[in-house]
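Enquirer: Got a predicted model here, sequence first, then my questions.
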Amino acid sequence: MTETYQLTHLGGEHTVTGSCHLLRTKELTILVDCGLSQGRDAAASLSAWPIAPKDVDYLFLTHAHIDHIGRLPELIHHGFHGEIICTHPTKAMLLPMLRDALSFSDFGEDQSRRLLEKIDELSWGFEYRQVFRLKHGAEFELGHAGHILGSCFIRLTIAGQSIIFSGDLGSINTPLVCDPDPPGPCDLLVMESTYGDKLHEGRDQRQAKLSEALAKALKDNGKVLIPAFALGRTQEILYGLDRLLDSRQLKKIPVVIDSPLGVTLTEVFEAQKQFWDQEAQQLLAKGNNPIEFAGLYSAAQARDHHQLLQTPGPMIIIAGSGMCNGGRILDHLAANLEDPKTDIFFVGYQAEGTTGRDIVKQSAKTNGAVSINGKRYTIKAKVHTLSGYSAHADQQGLLDWIASMPKKPGKIKLVHGEPTAQKVLAAKLHEKGYNVS
């Protein structure tokens, strides 16, 4: 079939952050995601885009992580006034996420407030697995992506062709989040490839590994630091800790969310519990809220954070950012990296050029060191990587998701992955007879 559209990747084509994809026909201009780049991932200026923000008819958001929504205020500032389409949970998380991001931006307080009001005015939440019409005969459907609460893949029927944007795909049996829906047929599949070259531990393995690692880490009464994104990963860790406490595999110990945004989003998660998966719903029905337990504390205020830095262990501290490229986790790392009693648990992807990636690399070296806020710290803490906590599907998960399609897509375009991961996944797909670029 002759293509009657033009697809341009404005970000996230060969990187893991900064996702932004432009789809154009003669009649419609559509953006899928508009995210900030992190680490060394480059992002083109809006002035270099082939279209002006004012000419975009629709912006689809696959989920509320900043590397998928973070440039939305900038987009609106430069004239975007189209519709913002997402799921109901993503709509609920947009303003808290962007309010936090704007606090680090060059926009003033009044300007930030106006931008947030405009975002709220333009945003619309939609149901999963229902077909909705756009103008000029185009249609869309949102499917569960299994990445975080509210995440979706998007199936567009436009100019006589069907295109699926996977967004970020998650693994099956992820706590709180429904499994990815099987995608329908399509002419083009635009699919993420973050872990296209890796396999994760299973959920049972990760719980066992977390239990064992925490038991060892807490024997010396030190601190356990868990860098975590405020959205998704924080709540998933709370779920895992609740299960360990409930089964008495973990002794009662203070657990602190040292993140104002993490505290707010955990409250949003609770308000959106009708979108939780069946397992979490069953726990709720029994009177057990799996992201709330005795011994869980919040450090929302700055004074709480500074007091926490002076408080000795044992304790578990969950703080952002997940890649250690900002946020309160940097203060905890500076205070505890050189303490052998400290354990650091990395439970998510660490992009090239981030402090998290540097710590993982340097911890494998004798006298490895990293720089935080201009000062060098020798890594004496124990560093753990738990791949089973990734919110992204691994290679097998991606292959299984594609295999669940009723027929092979006409073409697959891999995005949202580093070149090595994309190359390995493309080779696997070629072996199975898929047309990949």
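Expert: Arrived safely. Computed from a predicted model, the values in this text were never measured in an experiment.

Enquirer: and Leu176, what are its phi and psi?
Expert: phi 80, psi -30 (degrees, to the nearest 10).

Enquirer: need the contact list for it.
Expert: With contacts defined as C-beta atoms under 8 Å, 6 or more residues apart in numbering, Leu176 is in contact with 149, 235-236, 239, 269, 276-277, 280, 290-291. C-betas here are computed from N, CA, C, even on glycine.

Enquirer: again with Val347
Expert: Neighbours of Val347 in contact, by C-beta under 8 Å, 6+ apart: 226-228, 233, 237, 386, 389-390.

Enquirer: out of those residues, who's nearest Arg71?
Expert: Proximity of the contacts of Val347 to Arg71 (C-beta to C-beta) peaks at Arg233, which lies at 21.6 Å.

Enquirer: my read: the closest one touches Gly322, true?
Expert: Yes: applying C-beta atoms under 8 Å, one finds Arg233 in contact with Gly322, separated by 5.9 Å.

Enquirer: neighbour count winner among the two?
Expert: Gly322 (28 against 23; other C-beta atoms under 10 Å).

Enquirer: The nearest residue to that one once chain neighbours are set aside: neighbour count?
Expert: Take Gly322 and drop its neighbours on the chain: the residue closest to it by C-beta to C-beta, 6 or more residues apart in numbering is Phe229, 3.9 Å away. Phe229: 26 surrounding residues under other C-beta under 10 Å.

Enquirer: so Phe229 sits right up against His65, yeah?
Expert: Yes: in this structure, Phe229 is within contact of His65 by C-beta under 8 Å, at 6.9 Å.

Enquirer: can you pull the buried residues of stretch 306-314?
Expert: Buried residues in stretch 306-314, counting neighbours by 16 or more other C-beta atoms under 10 Å, are found at 308-309, 313-314.

Enquirer: thinking again about what came up before, between Arg233 and Gly322, what contacts are shared?
Expert: Common contact partners of Arg233 and Gly322 (C-beta under 8 Å, 6+ apart): Gly348.

Enquirer: if we can go back for a sec, and the contacts of Val347, which is closest to Leu156?
Expert: Ser390 (27.2 Å).

Enquirer: Look at the spatially most central residue of the chain and report its pLDDT.
Expert: With distances taken as C-alpha atoms, centre = their mean, His65 lies nearest the centre of the chain, 4.9 Å away. Model confidence at His65, given as pLDDT, is 94.

Enquirer: Likewise for the one 3 residues further on?
Expert: Reading off the confidence values, His68 has pLDDT 97.

Enquirer: Ok, the one 4 residues further on next?
Expert: The score at Leu72 is 97. That number is its pLDDT.

Enquirer: Return the backbone torsion pair for it.
Expert: Per-residue torsions, Leu72: phi -60, psi -50 (degrees, to the nearest 10).

Enquirer: Spit out the contact partners of it.
Expert: Going by C-beta under 8 Å, 6+ apart, Leu72 touches 34, 59, 61, 84, 94, 98, 119.

Enquirer: what's the closest non-adjacent residue to the first one?
Expert: Read that as Cys34. Nearest to Cys34 is Arg71, by C-beta to C-beta, 6+ apart, at 4.6 Å.

Enquirer: residues in contact with the one you found?
Expert: Counting by C-beta under 8 Å, 6+ apart, Arg71 makes contact with 20, 34-36, 43, 46.

Enquirer: Quick one, which of these has the minimum pLDDT?
Expert: Ala43 (76).

Enquirer: Look up the closest residue to it, ignoring the ones flanking it.
Expert: Ser37 (4.0 Å).
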